[in-house]
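sequence-free structure coming up:
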């Protein structure tokens, strides 16, 4: 891979990268703690006379099998900006435990940006290896790190599975209606929230549909789960009103019976983000692991109100506006339902009969006519912009040609000055000129040469600026060419290429947001 030009190492920082995964932070391996890594690197720098910056990049609680870590991404951002000259780690397993990716960074990425990598415990210094590869011993060490990561992941999974089988709650966030108990890995009923859950199950058992329950909750202004849990779940999106999903998620959760489903899903493989759902009938259930909010009989009766989510025969293609219409009141999507329906309605209107969502509706035919006209105007405007941009590009090319000709003339002048300088020296050497005349004329040539060199530099900068502007304009025209003609029917492809979303206000007025 070609080497990237970068600043001198003396101008670039020497940073430490520290990483500790949850697997390492088990209270047994103090040698891998962040403080231990920091002390190890600091001692190495002192012994080898390396000036280390006070700033460091840290990933505390992140696995080494995945390089999508905030600290590492911050480090790579600085590397690409050319501000890092040396990276020091305690050992290569801190950098990463994925054999292939770690090798890729060591052999290609860091050398490309001229970054030196030092691993203290591995006695590895990329500066000493020069242009050679990382070596068989280092490659084997990276492979061992990956194998270790897989092994420790399996051990942790096994330990967690044993805790789940023993009735301990080790599932992360506590569901609405419960809170963490005083004893570790336990949950207990959470007063007000537990009462809301019990009432929802009773309403369902009494024959109310999920939609009716959600509407009743909103009419009585009952606090939603996301709003109730906002103080302990700051990163969750807060919904101000109950919807079909928020009620359904409670009614299908078996945890409210006092039983626990040990695994509802599983990761496909170590280090992967892919999760596979386990069918409900195949899930392992541990009974009586915590306080029940409802009986199993009430749970079974309440679940009967939930419609089956088994997919029926494939429906005909929906409207071209499906998935692109949003309510201005609640931000929810607008749906039309059956193909023969004429209007799009807000999905949340049925849950909030007293809200503005009820009047958020729009006729499909009228919407199509309105959007078609606006798109036609937009296409006309884009074509006019494209025409203007192409004219500017053409004009810029003409200016570049003129500037290049002028630069060539200036370069020829400097070449003639060089010939004059050589001829002047030959005349002086042959005695045709005295020393004083020679020096005066030599000085005049130097002044002219400096003047022409300055003109060349200015012309080069102008040419470069015009070329960059031309490239930007060429990119602008690339995505704006509309393969449409007047009177052409509006299609989903045309709509998706231009429109990101359409917001519908009460009364049917629409706002189009362009891409």
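Okay, I see it. Model, not experiment: these values are computed from the prediction.

Centroid-nearest residue for this protein?
residue 68 (9.5 Å; Cα atoms, centre = their mean).

where does this structure have low pLDDT?
Filtered on pLDDT under 70, the chain yields the residue ranges 1-11, 22-32, 52-54, 99, 129-167, 170-171, 263-275, 307-318, 473-488.

can you point me to the longest helix in it?
helix 364-429 (DSSP state H).

Quick one: list the elements packing against that helix.
strand 343-346, helix 435-478, helix 492-498, strand 499-504, strand 510-514 (3 or more Cβ pairs under 8 Å, 6 or more residues apart in numbering; DSSP states H and E). C-betas here are computed from N, CA, C, even on glycine.

between the second one and helix 364-429, how many degrees?
This points to helix 435-478. 170 degrees (axes from the mean of the first three to the mean of the last three Cα atoms, to 10 degrees).

Could you check how far helix 435-478 is from the centre of its chain?
Chain-centre distance of helix 435-478: 43 Å, with Cα atoms, centre = their mean, to the nearest Å.

what helices or strands is that helix leaning on?
helix 364-429.

quick one, the helix it packs on and strand 510-514 angle?
Interaxial angle, helix 364-429 versus strand 510-514 (the same axes, to 10 degrees): 30 degrees.

Helix 364-429: how far from the chain's middle?
36 Å.

do the same with stretch 231-238
Distance, stretch centre to chain centre, for stretch 231-238: 20 Å (Cα atoms, centre = their mean).

what's the first-to-last distance across that stretch?
Using Cα to Cα, to the nearest Å, the end-to-end distance of stretch 231-238 comes to 11 Å.

What lies in contact with it?
173, 224, 226, 227, 229, 230 (Cβ atoms under 8 Å, 6 or more residues apart in numbering).

For the second one, which residues are in contact?
Taking Cβ under 8 Å, 6+ apart, we find residue 224 in contact with 217, 238, 239, 240, 241, 242, 246.

Am I right that the third one sits in a helix?
No. With the criterion set as DSSP: H, G, I helix; E, B strand; the rest coil, the secondary structure at residue 239 is coil rather than a helix.

Give me the nearest residue to residue 328, chain neighbours excluded.
Spatial nearest neighbour of residue 328, excluding adjacent residues (Cβ to Cβ, 6 or more residues apart in numbering): residue 505 at 4.6 Å.

just checking, the one you found touches residue 361?
No. Here residue 505 does not reach residue 361: they are 10.5 Å apart, not a contact under Cβ atoms under 8 Å.

could you dump the contacts of stretch 231-238 to JSON lines with secondary structure and distance to residue 88?
Shown next, in JSON lines, are these (DSSP: H, G, I helix; E, B strand; the rest coil; distance: Cβ to Cβ, whole Å):
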{"residue": "173", "secondary structure": "coil", "distance to residue 88": "37"}
{"residue": "224", "secondary structure": "coil", "distance to residue 88": "49"}
{"residue": "226", "secondary structure": "helix", "distance to residue 88": "44"}
{"residue": "227", "secondary structure": "helix", "distance to residue 88": "47"}
{"residue": "229", "secondary structure": "coil", "distance to residue 88": "42"}
{"residue": "230", "secondary structure": "coil", "distance to residue 88": "41"}
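
Of those, select the buried ones using a ChimeraX command.
Those of the contacts of stretch 231-238 that count as buried under 16 or more other Cβ atoms under 10 Å are selected in ChimeraX with:
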select :224,229
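
Mind putting the contacts of stretch 231-238 into TSV with distance to residue 204?
Output for these, formatted as TSV (distance: Cβ to Cβ, whole Å):
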residue	distance to residue 204
173	24
224	17
226	20
227	21
229	21
230	25
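
Sweet, I'm off.
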